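Student: my questions are about this predicted structure, shown below with the sequence.
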Amino acid sequence: MNLVQEVQTANGTYRVEMMYSPSQPAAGEPTNVEFQVVRLLAAPDPLLGSEIPVTQAPHASLLHAYTGQVIEPVIHTHSEGEAGIFGIAEYPFPAGGPFLLRSLFPFTGSYRLHFVVHTDAGDEFPVDLPITVQPDGAALFRVWVNLALCGLIVGLTAMQMRKAHAAARASDRTAEDARSPLWRPALLGAGSLIVVALAMNVFVLDQVLAMREPVVAPAPAAAVTPNEDGTFTVPDAVQQDLGLVLAEAREMPLDQAVTAFGSVEADPALVADVFAPLWGRIEYPEKPLAVGEHVDRRQELVRVILELSAVERAPMEAKQKDIRSALEQATQRRDAARIAYERARKLAAASPAFEQDLKWAEELLDEAEDSYQQIVKQDENYVRVIEFRDPRRTPVLAPIAGTITSIDFVPGQLNLNGEYRKLFTITDTSSVWVRARMYLSDVSQLKDGQPAQVFPEGAAERSIAGTVRWIGDTVNPADRTVPVIVALPNSAPNNANRLALGSFARVEFPQRRQAVAVPVEAVLDDGTTRQVYVARGEDRFLPLEIEVGARQDGWWQVISGVEAGDRVIAKGAGLLGSLRLAQDAAAPAPHAH
């Protein structure tokens, strides 16, 4: 029976595969359990593939399925010879509940194999494997046969006792005399029950149950024979029993990646320098800005404040004083004309002879009012000129939206020479460059526009797609590398995957190459070394340690150890290795002379 679970932890996702055989284990019979734990990668690694086995053996214990009671605190686990796969060998599960209850109701032994997994990444999580244990079939058969015999003999005894009781009553015996004949069939029935039960269990049931046991064929005396040249001879019969399947190592196109390291820098086309347009004092409009802050396009960054000098301010103040004096005289003249007009209006109302005086007074008032309004407008205009010039505030706006990467002035500083002075550097980080350095042998296979994957520093499982923007044409004599620039977007939402300017990054350039590969099932991985069995004839196999590369579509690249055309065991290599270890353990140790 197989059970697959996925467990989510703080450091990643794990897949747990558990299986046990037989699928319906019985109490007391040996049961084998296999347990595999792998860590699932968010993005496939070119060397490790999409999953990494967990090499630490789990802690196993047996619990009751419903109560959680610990039945056996420690169960021994062993490695199956491949990284991440562990097993429990020949474990006899105990029976659950009273014997009679287990016999009458088969599915009463429910347990949980409790595994606690410890990973190399520091994770620890529990996994439970539910197992229902059936009662012992032989014991169940024996109980039911004995119950049938008991029922049969008890029924026959009851019939005899009834007949004896009826005969005693028919012969007109007393009640006490009528009960005495009942002891004879009762004793006869009890003795028959004991004799028949013993005979049935000793002579009949043992023979019947022995006939039901499977006949185990004897194992060959020497299944796998080691040779002096390091090979092992595996007869055809053993190969068939193990289900060995051979496959050729072949050359096939594998998608590999050339790795380089570099640093993140700004795209020069997205960098803007901000200058002061004129001389004056430089101040922030509100709160000061800092390196790293984001600004919007046409946002006011600073103000250049131009104040008048004493030489310029004196004539302006003198002119303003003259205008104010003229305004005062015009006000007095207008007031006097208004008074004369009111007197002439009263005289004309009293006598028509003063109508000409009223007309002259009205003309003088209109002339005085016009003169006054002109001087008022002149005064207001000059006040606005002074406010504009003393001081004059000129805003400096951001030419682009981006992040401030440098500030080149001190607030309140004067730009005395009147030249354009650099204030800020603003960088739009929505698209950045990664300048990497690659060896000349790898650069020869690159071309402009080729896709690349960039892994930010500290985020080995997250990548950003980019393209090759520029390939250098000069070699650094110190390390014999060539610069390569990769352009990529940098506008991830919520800053979850953004690249910081100046940070380091790993760049992978996918390439398709011809490489020797073998099936993944052919590789025996014990966590430290990897081996394959290479055929050296019809029934001779040589275990070779290999160096592997990328995994793809069920095939594993072999860097060294196997050549194209070599025949390897593609299926059953693990069983062959286990058989070899079992034979070595069973072989007697040589005597020292």
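Tutor: Thanks, I have the structure now.
Student: number of nearby residues for residue 93?
Tutor: Residue 93: 23 surrounding residues under other Cβ atoms under 10 Å. Every C-beta, even on glycine, is put in place using the N, C-alpha and C of the backbone.
Student: you'd agree it is up against residue 133?
Tutor: Yes: using Cβ atoms under 8 Å, residue 93 is in contact with residue 133, at 4.5 Å.
Student: centre of the chain to whichever strand or helix holds residue 375, how far?
Tutor: Per DSSP states H and E, residue 375 falls inside helix 355-389. Distance of helix 355-389 from the chain centroid (Cα atoms, centre = their mean, to the nearest Å) equals 82 Å.
Student: could you give the mean pLDDT of it?
Tutor: Regarding helix 355-389, the rounded mean pLDDT is 85.
Student: which neighbouring elements make contact with it?
Tutor: Secondary-structure packing of helix 355-389 (3 or more Cβ pairs under 8 Å, 6 or more residues apart in numbering; DSSP states H and E): helix 310-350.
Student: and the helix it packs on, what other elements does it pack with?
Tutor: helix 355-389.
Student: okay, buried residues for the helix it packs on please.
Tutor: 357-358, 361, 364-365, 368, 371-372, 375, 382 (16 or more other Cβ atoms under 10 Å).
Student: for those residues, give me a markdown table that also has distance to residue 237.
Tutor: A markdown table is the format used below for the buried residues of helix 355-389 (distance: Cβ to Cβ, whole Å):
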| residue | distance to residue 237 |
| --- | --- |
| 357 | 150 |
| 358 | 146 |
| 361 | 144 |
| 364 | 141 |
| 365 | 138 |
| 368 | 136 |
| 371 | 132 |
| 372 | 129 |
| 375 | 127 |
| 382 | 118 |
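Student: ok, of these, which one's closest to residue 144?
Tutor: Among the buried residues of helix 355-389, residue 382 lies closest to residue 144 (Cβ to Cβ), at 122.6 Å.
Student: test my guess that that closest one contacts residue 323.
Tutor: Yes: under the criterion of Cβ under 8 Å, residue 382 makes contact with residue 323 at 5.9 Å.
Student: re the thing from before, and the helix holding residue 375 with helix 310-350, angle?
Tutor: Interaxial angle of helix 355-389 relative to helix 310-350 (axes from the mean of the first three to the mean of the last three Cα atoms, to 10 degrees): 160 degrees.
Student: quick one: secondary structure of residue 574?
Tutor: Of the three states, residue 574 takes helix under DSSP: H, G, I helix; E, B strand; the rest coil.
Student: residues near it, how many?
Tutor: Neighbour tally, residue 574, other Cβ under 10 Å: 18.
Student: against residue 517, how distant is it?
Tutor: 19 Å (Cβ to Cβ, to the nearest Å).
Student: over to residue 2?
Tutor: Per Cβ to Cβ, residue 2 is found 28 Å from residue 517.
Student: what's next to the helix or strand hosting residue 193, contact-wise?
Tutor: Counting by DSSP H and E, the element that carries residue 193 is helix 183-199. Contact with helix 183-199 is made by 146, 149-150, 153-154, 156-157, 160-161, 164, as judged by Cβ atoms under 8 Å, 6 or more residues apart in numbering.
Student: and if you look at stretch 533-549?
Tutor: Here stretch 533-549 has contacts from 46-47, 227, 229-236, 239, 246, 254, 256, 515, 522-523, 529-532, 556-562, 566-569, 573, 576, using Cβ under 8 Å, 6+ apart.
Student: go again with 6 Å.
Tutor: Identification of contacts with stretch 533-549 by Cβ atoms under 6 Å, 6 or more residues apart in numbering yields 230-234, 529-532, 556-562, 566-569, 573.
Student: distance between the ends of it?
Tutor: 18 Å (Cα to Cα, to the nearest Å).
Student: rewinding a little: what about the helix holding residue 193, average pLDDT?
Tutor: Rounded mean pLDDT across helix 183-199 is 80.
Student: please save the CA atoms from it in PDB.
Tutor: Taking Å, rounded to 0.1, in the frame of the first residue of the first chain, the C-alpha atoms of helix 183-199 are listed here in PDB:
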ATOM      1  CA  TRP A 183     -24.700 -36.700  35.600                       C
ATOM      2  CA  ARG A 184     -23.800 -39.500  33.300                       C
ATOM      3  CA  PRO A 185     -24.400 -37.700  29.900                       C
ATOM      4  CA  ALA A 186     -22.900 -34.500  31.400                       C
ATOM      5  CA  LEU A 187     -19.700 -36.200  32.400                       C
ATOM      6  CA  LEU A 188     -19.600 -38.100  29.100                       C
ATOM      7  CA  GLY A 189     -20.100 -34.800  27.200                       C
ATOM      8  CA  ALA A 190     -17.400 -33.000  29.100                       C
ATOM      9  CA  GLY A 191     -14.900 -35.800  28.600                       C
ATOM     10  CA  SER A 192     -15.800 -36.100  24.900                       C
ATOM     11  CA  LEU A 193     -15.300 -32.300  24.600                       C
ATOM     12  CA  ILE A 194     -11.800 -32.500  26.100                       C
ATOM     13  CA  VAL A 195     -10.700 -35.500  24.100                       C
ATOM     14  CA  VAL A 196     -12.000 -34.300  20.800                       C
ATOM     15  CA  ALA A 197     -10.600 -30.700  21.300                       C
ATOM     16  CA  LEU A 198      -7.200 -32.100  22.100                       C
ATOM     17  CA  ALA A 199      -7.200 -34.500  19.200                       C
END
